[in-house]
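Asker: Here is my input, please return the structure:
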Amino acid sequence: MNAVDLRMRIDGLTQDIDFEYKGKLGTICPFSRESISLCYDGNETTVNSVDAAMSTPFIDGLSLSDVCADLNI
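Answerer: Just a heads-up that it's a prediction; the model follows:
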């Protein structure tokens, strides 16, 4: 999945997005556009925008924008 498609999916607020990266599980939980939970390998962070969800380095020091093409969704 490319970054534009993933961003649109998060911004749609329709469902949690489960993914796998390097054999570890993660989840993106968009409760609202101002409250998005990012989880990966047992660690969780909450961001306050879709842009922050795409740019926050929470996956082994990388952001969703960095690794979106390598995610198994």
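Asker: Which of the helices and strands in the chain ranks last by mean pLDDT?
Answerer: helix 3-11 (a mean of 94; mean pLDDT, DSSP states H and E).
Asker: what helices or strands is it leaning on?
Answerer: In terms of contacts (3 or more C-beta pairs under 8 Å, 6 or more residues apart in numbering; DSSP states H and E), helix 3-11 is packed against strand 17-21, strand 24-32, helix 50-55, helix 64-67. C-beta here means a position set from N, CA and C on the backbone, and glycine is covered the same way.
Asker: Pick out the residue closest to the middle of the protein.
Answerer: I28 (4.5 Å; C-alpha atoms, centre = their mean).
Asker: Just give the nearest non-adjacent residue to that residue, would you?
Answerer: I17 (4.2 Å; C-beta to C-beta, 6 or more residues apart in numbering).
Asker: so the residue nearest to the centre of the chain touches L13, yeah?
Answerer: No. If you go by C-beta atoms under 8 Å, I28 and L13 don't touch, sitting 11.0 Å apart.
Asker: coming back round to it: could the helices and strands packed on helix 3-11 go into JSON lines alongside mean pLDDT and distance to V4?
Answerer: Shown next, in JSON lines, are the helices and strands packed on helix 3-11 (pLDDT from 0 to 100; distance: least, C-beta to C-beta, whole Å):
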{"stretch": "strand 17-21", "mean pLDDT": "96", "distance to V4": "15"}
{"stretch": "strand 24-32", "mean pLDDT": "96", "distance to V4": "15"}
{"stretch": "helix 50-55", "mean pLDDT": "97", "distance to V4": "10"}
{"stretch": "helix 64-67", "mean pLDDT": "96", "distance to V4": "10"}
